[in-house]
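Trainee: structure, please.
(one chain, ligands or ions: 3)
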Amino acid sequence: MASLPFHTFLGQTILNLHALIIIRKGLPSFCFFVVFLLTPTCAFSHIRQGFEEDKGRKYDLFPEILMEEAVARLNELGEVSDADEYLQRTFQSPASIKAGNLIRLWMEDVGLKTWVDKMGNVHGRTEGINPSAKALLIGSHLDTVIDAGKFDGSLGIVCALSALKVLNMTNRMGRLRRPVEIIAFSDEEGVRFQSTFLGSAAIAGVLPASALHVHDKSGVTVQDALRENSIETTEENLLELKYDPESVWGYIEVHIEQGPVLETIGLPLGSVKGIAGQTRLKVTVRGSQGHAGTVPMNMRQDPMVAAAEIIVLLEGLCKQPEQYLSYDGECRASEVQSLSGSLVCTVGEISSWPSASNVIPGQVTFTVDVRAIDDMGREAVLYELSKRMHQICDRRSVFCKIDRKHDANAVVCDKELSLQLSSAAYAALKRIKGEAAIDVPALMSGAGHDAMAISHLTKVGMLFVRCRGGISHSPAEHVLDDDVWASGMAVLAFLETALL
Ligand code: GLV
Ligand code: MN
Ligand code: MN
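Mentor: Ligands and ions are numbered 1, 2, ... in the order given. Okay, here's the model as predicted:
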């Protein structure tokens with residue numbers, strides 16, 4: 001798949017005009033303004049405060065819900081961890097269950113009907129005026145990486161809840177033209193089972209039944225982990241989780257950018273054009289275990305140094321694919337060219353056995369994560385890695401094996417949904433900042449998202465939110481309070497324009 005070009009100047013101008021038309025069409029309406037004025041003093045004093053602070057402007061800004069409460073909820077979720085010293089919530093862990101219960105309470109506070117499904121996803125749904133209309137799904141994930149930041153995943157859930165809360169408090173939730181369902185997905189990071197999207201793939205109907213039998217490092221299977229939390233999932237009822245595509249209108253997800261582009265250009269929100277494809281491997285290298293003091297260097301079959309050589313090979317291959325990939329007339333130069341812009345490869349986890357300083361290891365295992373916009377190019381890299389890895393292992397007389405743990409092809413976001421999200425982001429920024437010309441750029445995502453799995457079910461669109469230093473998967477991950485506000489306001493503007 002070719003990478004998508006950035007918006008042309010003309011395209012961006014059309015986009016901006018579109019946003020202006022939506023704003024001029026009347027957000028918020030006069031009726032909304034009257035309802036607002038008639039609302040009881042105590043319940044809505046904070047809304048009025050937000051309004052009065054900005055009374056020179058036309059819009060209600062709801063800072064206490066979209067910003068203060070949302071930030072407080074992100075902080076509260078950020079404390080729900082399986083570890084004392086850092087944030088970690090993996091699939092069906094005690095902290096994940098606690099976080100899911102908290103999110104469910106917040107969903108109930110908004111007046112949503114809630115349930116937890118057979119994959120541990122937490123759902124909250126409002127039917128609007130037509131329960132049989134195709135539903136809008138809004139989601140993100142409640143699990144985290146190890147030593148995580150508190151915005152990855154949580155931001156998308158919390159800002160969607162805030163936006164619906166504003167609609168509920170202003171008596172508009174019941175007037176939505178179609179059902180809206182927020183889903184907090186149980187597993188996007190894939191930390192525990194190495195197979196990402198357990199929750200969203202089940203809903204999209206692309207999770208194989210065999211996923212139930214994948215086990216974690218302690219031998220606990222996905223099925224066992226669910227059972228420990230009183231969720232009885234079988235191969236049969238797993239299939240029932242799949243949503244009927246005819247019952248779904250589309251899916252949107254708000255997520256931190258996890259990269260530096262928005263911060264560099266000084267903008268809080270961007271739309272997402274597409275998401276890079278990804279593959280995760282587990283590489284096992286087996287050699288000859290021995291005494292560190294007695295086996296001469298030229299008589300060793302050391303899997304650690306073989307692993308080191310393979311990892312350095314991977315770095316070279318992904319930094320300069322054109323120097324490694326062979327052309328056979330079929331392997332196109334354009335493929336390699338488009339690869340070099342987006343290809344990234346990472347070894348994030350490595351372990352050795354028996355892992356002692358005075359023992360030549362018998363076995364080393366490590367993970368490989370490969371991502372690129374171009375699916376064929378990613379395959380070419382994986383083929384080349386495997387070929388050259390076996391050459392290294394033969395030369396070093398060790399045994400090498402690759403297990404493919406996860407694959408997801410690149411995804412192109414729906415153009416119309418992206419345009420609607422861009423317009424909503426534009427409207428949100430204009431409301432909050434009161435400035436006329438705020439750009440909403442379109443970005444590619446190198447990170448994986450539940451939207452990838454849900455793209456098998458329905459059209460998907462995403463909004464990215466600026467994060468400090470572009471840092472994510474780290475406790476240093478940070479989103480400004482104002483940008484949390486902008487995210488919730490963008491979801492609100494989207495719901496107001498697309499569904500009211
Ligand atoms: C999820 O955050 C991923 O991209 O690995
Ligand atoms: Mn993540
Ligand atoms: Mn994420």
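Trainee: so after the helix or strand hosting T264, what's the next helix or strand?
Mentor: For T264, the host element (DSSP states H and E) is helix 261-265. Next along the chain after helix 261-265, taking DSSP H and E as the criterion, comes strand 269-275.
Trainee: in its sheet, which strands sit next to that following strand, and in what direction?
Mentor: Each strand paired with strand 269-275, and its direction, by DSSP bridges: strand 411-412 (antiparallel), strand 442-445 (parallel), strand 460-465 (antiparallel).
Trainee: measure how buried the residue of the stretch 101-250 of the chain found nearest ligand 1 is and give me the count.
Mentor: Relative to ligand 1, the nearest point of the stretch 101-250 of the chain is E189 (5.5 Å; C-beta to the nearest ligand atom). Where you see a C-beta, it was placed from the backbone N, CA and C, and this is true even at glycine. Residues near E189, counting by other C-beta atoms under 10 Å, number 21.
Trainee: what secondary structure does it sit in?
Mentor: With DSSP: H, G, I helix; E, B strand; the rest coil as the basis, E189 sits in coil.
Trainee: for A95, see how far away it is.
Mentor: According to C-beta to C-beta, to the nearest Å, E189 stands 13 Å off from A95.
Trainee: any idea how far the most centrally placed residue in the chain is from V261?
Mentor: Nearest to the mean C-alpha position of the chain, by C-alpha atoms, centre = their mean, lies H449 at 3.0 Å. Distance, H449 to V261, using C-beta to C-beta: 16 Å.
Trainee: quick one: I438 and K430 touch, right?
Mentor: Yes - here I438 reaches K430: they are 6.1 Å apart, a contact under C-beta atoms under 8 Å.
Trainee: quick one on the thing from earlier: so which of the strands paired with strand 269-275 is the most surrounded?
Mentor: strand 460-465 (a mean of 27; mean count of other C-beta atoms under 10 Å).
Trainee: quick one: that strand near ligand 1?
Mentor: No - under the criterion of C-beta under 6 Å from any ligand atom, strand 460-465 makes no contact with ligand 1; the nearest approach is 12.8 Å.
Trainee: ok, back up a step: hang on, isn't the residue of the stretch 101-250 of the chain closest to ligand 1 packed against L142?
Mentor: No - look at E189 against L142 with C-beta under 8 Å: they stay out of range, at 10.2 Å.
Trainee: any shared contact partners between those two?
Mentor: Counting by C-beta atoms under 8 Å, 6 or more residues apart in numbering, the contacts common to E189 and L142 are G153.
Trainee: next one: stretch 81-97 to chain centre, how far?
Mentor: With C-alpha atoms, centre = their mean, to the nearest Å as the basis, stretch 81-97 stands 18 Å off its chain's centre.
Trainee: got the residues of the stretch 301-450 of the chain near ligand 1?
Mentor: Counting by C-beta under 6 Å from any ligand atom, the stretch 301-450 of the chain sits next to ligand 1 at A447, G448.
Trainee: that should have said the stretch 151-300 of the chain, apologies.
Mentor: Contact residues (C-beta under 6 Å from any ligand atom) of the stretch 151-300 of the chain with ligand 1: E189.
Trainee: quick check: residues of the stretch 151-300 of the chain near ligand 3?
Mentor: Within reach of ligand 3 by C-beta under 5 Å from the ion, the stretch 151-300 of the chain has these residues: D152, G153.
Trainee: hmm, try it at 6 Å
Mentor: Selection of the stretch 151-300 of the chain residues close to ligand 3 by C-beta under 6 Å from the ion yields D152, G153, E188, H255.
Trainee: now do the chain
Mentor: Counting by C-beta under 6 Å from the ion, the chain comes close to ligand 3 at H141, D152, G153, E188, H255, H449.
Trainee: buried only: go through those residues for me.
Mentor: In the residues of the chain next to ligand 3, burial by neighbour count holds for H141, D152, G153, E188, H255, H449, counting by 16 or more other C-beta atoms under 10 Å.
Trainee: which of those residues fall in strands?
Mentor: Using DSSP state E, H141, H255 are the members of these that sit in strands.
Trainee: still on that earlier bit, quick check: the farthest pair among the residues of the stretch 151-300 of the chain next to ligand 3?
Mentor: Pairwise distances across those (C-beta to C-beta) peak at 9.8 Å, for the pair E188 and H255.
Trainee: need the residues touching each of the two.
Mentor: What both E188 and H255 touch, as defined by C-beta under 8 Å, 6+ apart, is the set S140, G153, H449.
Trainee: quick check: which element contains I432?
Mentor: Going by DSSP H and E, I432 is in helix 415-433.
Trainee: report the buried residues of that helix.
Mentor: Buried, per 16+ other C-beta under 10 Å, within helix 415-433: 417-432.
Trainee: for stretch 125-139, same thing?
Mentor: Quick answer for stretch 125-139 (16+ other C-beta under 10 Å): R125, T126, E127, G128, A133, K134, A135, L136, L137, I138, G139.
Trainee: CA-only coordinates of it, as CSV, when you get a sec.
Mentor: Taking Å, rounded to 0.1, in the frame of the first residue of the first chain, the C-alpha atoms of stretch 125-139 are listed here in CSV:
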residue,chain,number,x,y,z
ARG,A,125,-24.5,2.4,25.2
THR,A,126,-27.2,4.9,24.6
GLU,A,127,-29.9,4.2,22.0
GLY,A,128,-30.9,7.8,21.0
ILE,A,129,-34.2,8.2,19.1
ASN,A,130,-33.8,5.1,16.9
PRO,A,131,-32.4,2.0,18.6
SER,A,132,-32.5,0.0,15.3
ALA,A,133,-30.3,2.6,13.5
LYS,A,134,-26.7,1.7,12.8
ALA,A,135,-24.6,2.5,15.9
LEU,A,136,-21.6,4.8,16.2
LEU,A,137,-18.8,3.0,18.2
ILE,A,138,-16.3,5.1,20.1
GLY,A,139,-13.4,3.3,21.8
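Trainee: who's in contact with it?
Mentor: Counting by C-beta under 8 Å, 6+ apart, 110-114, 156-157, 160, 164, 173-185, 200, 246-253, 450, 454, 458, 491, 498-499 sit against stretch 125-139.
Trainee: the closest residue to ligand 3 within the stretch 201-350 of the chain and S342, how far apart?
Mentor: As assessed by C-beta to the ion, ligand 3 sits closest to H255 within the stretch 201-350 of the chain, at 5.8 Å. Noted for H255: a distance of 18 Å to S342, by C-beta to C-beta.
Trainee: so how many other residues sit close to G250?
Mentor: A total of 21 residues lie near G250 under the criterion other C-beta under 10 Å.
Trainee: which residues touch the nearest residue to it once chain neighbours are set aside?
Mentor: Excluding the flanking residues, the one nearest G250 by C-beta to C-beta, 6 or more residues apart in numbering is K459, at 4.7 Å. Each residue near K459 by C-beta under 8 Å, 6+ apart is listed here: G250, Y251, D414, E416, L417.
Trainee: just the helices from the stretch 151-300 of the chain, written as ranges.
Mentor: Secondary structure of the stretch 151-300 of the chain (DSSP state H, counting those that start in this stretch): helices at 154-169, 198-204, 222-228, 235-239, 261-265.
Trainee: please save the CA atoms from the longest one in CSV.
Mentor: To tie it back to what came earlier, the one meant is helix 154-169. Output in CSV follows, covering the C-alpha atoms of helix 154-169 (Å, rounded to 0.1, in the frame of the first residue of the first chain):
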residue,chain,number,x,y,z
SER,A,154,-7.4,6.1,28.7
LEU,A,155,-7.7,9.5,27.0
GLY,A,156,-9.9,8.1,24.2
ILE,A,157,-12.3,6.5,26.7
VAL,A,158,-12.4,9.4,29.1
CYS,A,159,-12.9,12.2,26.5
ALA,A,160,-15.7,10.2,24.8
LEU,A,161,-17.4,9.8,28.2
SER,A,162,-17.0,13.5,28.9
ALA,A,163,-18.6,14.5,25.6
LEU,A,164,-21.6,12.2,26.2
LYS,A,165,-21.9,13.6,29.7
VAL,A,166,-22.3,17.1,28.3
LEU,A,167,-24.9,15.8,25.9
ASN,A,168,-26.7,14.1,28.8
MET,A,169,-26.6,17.1,31.1
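Trainee: no further queries at this time; thank you.
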